[in-house]
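Peer 1: Whatever this is, show me its structure:
(2 chains)
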Amino acid sequence: MFTTKAFIKKSKIGHFLKNVREHYIRDDIFCGVPSCETCHPVESHLSSTYKNVCCLFKYNHYLILDTNVILDQMDVLDEPILENIIILHTVLKEVKHRSLPIYKRLQSIIDNPSRHFYVFTNDHHKDTYVKQDDKELINDYNDRLIRKSCSWYMKHLPGEIFVLLSNDAKNRAIALAEGIPTLTIKDYIESVKDNSVLLDKLAKKDIHVETYTKDIFPPHLSNVELLTGVKNGKLHQGTFRASKDNFLEGFVNVDSLEDPVLVQGRSGLNRAVNGDIVVVEIFDKKEWVSPSDIVLEDEGVAEEGIDEIELKERELKRSKKIKEEIKPTGKVVGIIRRKWRQYCGILQGGMDGVYQLFVPSDRSIPKIRIETRQADFLRTQKLIVTIDSWPRHSRYPHGHFVRALGKIGDQTTENEVVLLEHDVPHSQFSEEVLACLPKLPWIITEKDVKKRVDIRHLDICSVDPPGCTDIDDALHCRPIGNDGFEVGVHIADVAHFIRPGTAIDKEAASRATTVYLVNKRIDMVPELLSSNLCSLRGGEERFAFSCVWEMDANANILNTRFHKSIIKSKASFTYEEAQMTIDDKSKNDPIAMSLRGLNKLAKILKKRRLENGALVLASPEVKIHMDSETMEPLDVEVKKLFETNSMVEEFMLLANISVAEKILDEFPECAMLRRHPTPPSTNFDPLIKAGRHLGLDINVECGKNLAQSLDEATKPENPYLNTMLRILATRCMLQAVYFASGTLQKEEYYHYGLAVPLYTHFTSPIRRYADIIVHRLLAVTCGADSTYPDLLDKQKSTELCQNLNYRNRMAQYAGRASVAFNTHLFFKGKLQDEEGYVLHIRKNALQILIPKYGLECTLYLAKKGESSNIFEYNEEEQSQKAGNITLHAFDPVKVRLSLDSNNIQHEKFVLQLVSPYIEGFSVQPLGESMEVDPDKPASEKKRKSKSESHVKNKKKN
Amino acid sequence: MSKNKELISKIGLRLDGRRANELRRIRCKLGVFTEPDGSAYIEQGLTKVLAAVYGPHEVRGGRSKAQHNSAIINCQFSMAVFSTTERKKRPRGDRKSTELSMHLQQALEAAIKSELYPFCQIDVYVEVLHADGGIYPACVNAATLALIDAGIPLKEYVCACTASLANNDIPMLDISHQEEVLGGPTLTVAALPMSGKIVLMEMSQRFHLDHLDKVLEKALQGCKDIKEILDNAVRLHVTDIGSSTGWANTKH
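Peer 2: All right, here's what the predicted structure looks like:
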């Protein structure tokens, strides 16, 4: 049943072990070319109708790529211009070995039938397999395999033309000698019709080095030197994290060292880019310095000038060394692995010619030099650029243009940027996913009713923020027995519609969470489910997963049960409406009674929870009112909180805790739980320090003590102080994460913020994938569903958790970025005086918090690079003194707020001090906030770039 | 997903070029030694095993062990020190060897008509010359051939095979060492392929019960395929011996 010849492949690994592996050569592998008559027709995307057009070849031809072409020029391949490409298995394997991300991109192109790619398994084919010679290097061997396949194809199909694309000169030379038509990708593309898009995307790896240019950076050590250095402890390997404020500074997190290693200056950073895995050399102790507290921005415009950078380096050196904050200091001597990805940003204006400077929107990434022929167009666009290389003689890394996203300043473009920068999957749901949806009209069948508890008669209602369409929770409460209550939390049964292993399940798992931007929601599941079939809308019959407690009047749980149910929500309230219903004494219908009962119990629960040491943290959250037509922000305000907010929250917490206990009990190895690690005590240093300056003692020994000290930390003259301390405390916390219970010790399950030993997410399956998994686990425990392999696989669960954690974090950042952008939009052209508080004191700046807008901005006390002659910085007391006015942390101030749009990409708020009034620094208060007409340049603070005012004018229209 | 490497490529080929339902190449030979009563050599891919059978003979080492209604089957498993990439320290007697000996004994007891030889003993020695995954199945198959060579009555062939899951989805047959290391749990099955009885089933890792059926079915199919190959080899061997005595010629 099989015709194979056994060949033997030898490979040596590690301690020079001889590994012998079988290698079967087959005769049932086919060429995949549709015009071939000798081979069996196989599933192949190659097309006889599609034609590659290149003026070097008269006819249609097939392309065979060398590995280096794929690795270096993936962006060119992404363009649907080059098609009918044969990928050899040898090449595919090599690509996978060299770079997994590129391999994945290549795979997705191969899978796309419209791109006409075909994988030919040349190394198992009887005619194209060749044995590796004894002393032949693997690269030469692979090249030989590629050439062998090319000549086989030519012999196999004399009527067709096959072209080998390779960037390896040696390989090309031999191929030509063997009669195989071969070209470099550059030569090929230059003769392709309509090539301008492709030319921009060509990676510039082989930039000719001009001999007269001075080397700006010291050389990197060779790989061997790095590895031996790391091995014998002289050098250290770690991840490089660039500073966002200072482009000449960064840290390297080394696993073996407690403190991150500080690297400073051009030679210290030595071409490391944020995220790279680098090797550092640590200096002698006496050369260690403290991180500078000045803010430096890269302002370079010239091609390769380094004068300005040298100036800034000197400035960096000048900054004082603070004894206590001295950190291990070193320099980057080599880079193990680049973590370059694609970056969003814009072109820096004011340059002519094909070489342009690209400014990434992520401030921890350096500017990138790209070559483009469409600079004029691109200057108005947000674009994506990727880095190719960073040679020693170049001040900036070299990269190439990938694609344009849209006009700068457009809402849609900005949303796209936010989503891309945070790696949020936001493409339309595929046909395959949509095919998994239930057919409309959706009706509840007899069978469904049989399997579920019918509680349509209960007075269930939902309470959500206004405008919420994905309602995943509803509540009820009714008195039972002697002064007891039955309380039910009913959660949308999303798991009923999303069956494990289906396309929709995989998509949801990959998206992990719904992402909320200010004016856009990126759903985790298609809208039909999220806003209709799963959403527990008022008056509609819906499937739910219910968690029902019997409680006594003191909110002690007597009994808990879980079951799938059918409910009919009587009403969906907003928080405000619910609050009004509760407060309105005249209303005595069952719903109002139910809400009042819930509210009463929730208060008891909350009190108990806080007594147990749950933290009340604060972070300024704002709501942006949008004009529904123009999608322009109308007003920004801090979210209002009602009693009902905390009522719903309490019961959700309770449900989550009950479910966590249940599933852990049933699945000790693979329950998906959520933990919030106790932060290390050093995290609290800023909080303790801030407290001490105020004469407050903040006890951070345990969560309970912290909660207590935060409660006590109030000062009558500054009512906002407590909130600020809570904001600071929030920043000391670690992220809460999902995990599979089998992977950690029981003590580590603890949720620090909520002060509960067990916690999970159960209550929002429409917008979080973790909840779906928890629903499935819980369904198994109550016999409503069966398990499937991946659900019980600890390994799989852990991988899933990692993805969920990553996506959640990114979704959070994306949400914040979106709010920030819209706040900026709101303030465009406005000048306003606002109340604020000093959050931090820095050497040359004050960090100001404006509660009204939830903004945190920097008030510079001096021009960049200059030290202030008005203010006197007191390191010990953390204060800035000017004349007889001293500013401490937490002091209330009044500031004037305006938006500096000089840098379109990083529009930032400019603050000016209004009160306390300091001669020569503060500005006179405005009569009242006034609008600045954007069309009058006189009132504008500084010159504006052309494109930006253009955007504005368009908006006005 | 990153850890479980792709064991079957999109084109449907495994790392060594086989398809999911293909066995490795099997080559075998009966009667490789003259001293024992029966002997055999088998190669399954790169796994190479020698088996020798002595007996039935009188029970050695005191008659107390002897059983009045059946023969004692004594199996000894050993691995040559050079059989693995790193040289083994103890060729026999370690835990793994003892366990495999017992498993082997269990499989053989199910096939040998031991009731024909009361108060007797049959010794089966197997030696792994090269280990490249699927040691146990190779040993069972080699022992079967050696028993046949020794002329010991068997109910039927006893064959063994491994199966596993590739990419957590596709069942695949006859796991090589490379796949054992990279892949998930491996199910070993020893069966009487003609009657379809399973005499031994072993798996030391876990997978979900849903997978068991398809993997088991695959493994049983593998046992049947192996039986065909062994049967051919036996017939060829018998013809060879027969023709050297002139017996084959008389047939026609």
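Peer 1: excluding its backbone neighbours, what's nearest the closest residue to chain A within the stretch 151-252 of chain B?
Peer 2: Chain A sits closest to B:His208 of the stretch 151-252 of chain B, with a gap of 3.1 Å, by CB to the nearest CB. Where you see a C-beta, it was placed from the backbone N, CA and C, and this is true even at glycine. In this structure, B:His208 finds its nearest non-sequential neighbour in A:Pro789, 3.1 Å apart by CB to CB, 6 or more residues apart in numbering or on different chains.
Peer 1: What residues does the one you found make contact with?
Peer 2: By CB atoms under 8 Å, 6 or more residues apart in numbering or on different chains, the contact list for A:Pro789 reads B:168, B:207-208, B:210-211.
Peer 1: And the pLDDT at it?
Peer 2: Here, the pLDDT recorded for A:Pro789 equals 76.
Peer 1: same thing with B:Pro137?
Peer 2: With respect to pLDDT, B:Pro137 has a value of 95.
Peer 1: Wait, it touches B:Ala190, no?
Peer 2: Yes - taking CB atoms under 8 Å as the definition, B:Pro137 is a contact partner of B:Ala190 at 7.4 Å.
Peer 1: which residues are common contacts for these two?
Peer 2: Listed contacts common to B:Pro137 and B:Ala190 are B:159-160; contacts here mean CB under 8 Å, 6+ apart.
Peer 1: Right, and chain B sits closest to which residue of chain A?
Peer 2: A:Pro789 (3.1 Å).
Peer 1: Would you report the backbone torsion angles of that residue?
Peer 2: phi -50, psi -50 (degrees, to the nearest 10).
Peer 1: how far away is it from A:Ile663?
Peer 2: Computed as CB to CB, to the nearest Å, the A:Pro789 to A:Ile663 distance reads 18 Å.
Peer 1: can you check A:Ser741 too?
Peer 2: Distance from A:Ser741 to A:Ile663, by CB to CB: 8 Å.
Peer 1: Which one's more surrounded, these two?
Peer 2: A:Ile663 (27 against 22; other CB atoms under 10 Å in any protein chain shown).
Peer 1: May I ask which helix or strand encompasses the more buried one?
Peer 2: helix A:643-666 (DSSP states H and E).
Peer 1: do the same with B:His68
Peer 2: B:His68 belongs to no helix or strand, assigned by DSSP H and E.
Peer 1: Is it in contact with B:Phe119, as I believe?
Peer 2: Yes - B:His68 lies in contact with B:Phe119 (CB under 8 Å); the separation is 6.6 Å.
Peer 1: Looking at those two, which one has more neighbours?
Peer 2: B:Phe119 (16 against 6).
Peer 1: Can you verify my assumption that the more buried one contacts B:Ala66?
Peer 2: Yes - if you go by CB under 8 Å, B:Phe119 and B:Ala66 touch, sitting 4.6 Å apart.
Peer 1: Overlap of the contact sets of those two?
Peer 2: B:Val59.
Peer 1: Return the per-residue confidence for A:Thr730.
Peer 2: So A:Thr730 comes in at 81 (pLDDT).
Peer 1: Make sure it is indeed in a strand.
Peer 2: No - going by DSSP: H, G, I helix; E, B strand; the rest coil, the assignment for A:Thr730 is helix, not a strand.
Peer 1: So it sits against A:Leu617, correct?
Peer 2: Yes - A:Thr730 lies in contact with A:Leu617 (CB under 8 Å); the separation is 4.3 Å.
Peer 1: any idea how far whichever helix in chain A runs longest is from the chain center?
Peer 2: In terms of residue count, the longest helix belonging to chain A (DSSP state H) is helix A:794-827. On the basis of CA atoms, centre = their mean, to the nearest Å, helix A:794-827 sits 6 Å off its chain's mean C-alpha point.
Peer 1: Now the element after it, going C-ward?
Peer 2: Next helix or strand after helix A:794-827 toward the C-terminus (DSSP H and E): strand A:830-841.
Peer 1: can you list contacts of that next one?
Peer 2: Contacts for strand A:830-841 (CB under 8 Å, 6+ apart): A:720, A:724, A:727-728, A:846-853, A:856, A:873, A:878-880, A:887-899, A:911, A:914, A:925-926, A:929-932.
Peer 1: So which bits of the following helix or strand past it are buried?
Peer 2: Once the chain leaves strand A:830-841, the next helix or strand it forms, by DSSP H and E, is strand A:845-850. For strand A:845-850, burial by neighbour count (16 or more other CB atoms under 10 Å in any protein chain shown) applies to A:845-846, A:848-850.
Peer 1: try stretch A:462-478
Peer 2: Going by 16+ other CB under 10 Å, stretch A:462-478 has these buried residues: A:462-464, A:470-477.
Peer 1: gap between the two ends of that stretch?
Peer 2: Terminal residues of stretch A:462-478 are spaced 15 Å apart (CA to CA, to the nearest Å).
Peer 1: Check stretch A:479-495 too.
Peer 2: 31 Å.
Peer 1: Check stretch A:370-383 too.
Peer 2: 12 Å.
Peer 1: so how far is it from its chain's centroid?
Peer 2: Taking mean C-alpha positions (CA atoms, centre = their mean), stretch A:370-383 and its chain are 26 Å apart.
Peer 1: pLDDT averaged over it - what is it?
Peer 2: Across stretch A:370-383, pLDDT averages out at 82.
Peer 1: what do you get for stretch A:281-288?
Peer 2: Stretch A:281-288 comes out at a mean pLDDT of 82.
Peer 1: Name the residues of that stretch that are buried.
Peer 2: A:281-283, A:288.
Peer 1: Can I get it in CSV? Just the C-alpha atoms.
Peer 2: Taking C-alpha atoms only, stretch A:281-288 is exported to CSV below (Å, rounded to 0.1, in the frame of the first residue of the first chain):
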residue,chain,number,x,y,z
GLU,A,281,27.4,45.1,29.4
ILE,A,282,27.1,46.6,32.9
PHE,A,283,29.6,49.3,33.9
ASP,A,284,31.6,49.6,37.1
LYS,A,285,29.6,50.7,40.1
LYS,A,286,31.2,54.1,40.1
GLU,A,287,29.9,54.9,36.7
TRP,A,288,26.3,54.1,37.5
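Peer 1: Neighbouring strands - and their directions - for the lengthiest strand in chain A?
Peer 2: Scanning chain A for the longest strand, with DSSP state E as the assignment, gives strand A:557-574. Paired strands of strand A:557-574, with direction, are strand A:453-454 (parallel), strand A:460-464 (parallel), strand A:541-551 (antiparallel) (DSSP bridges).
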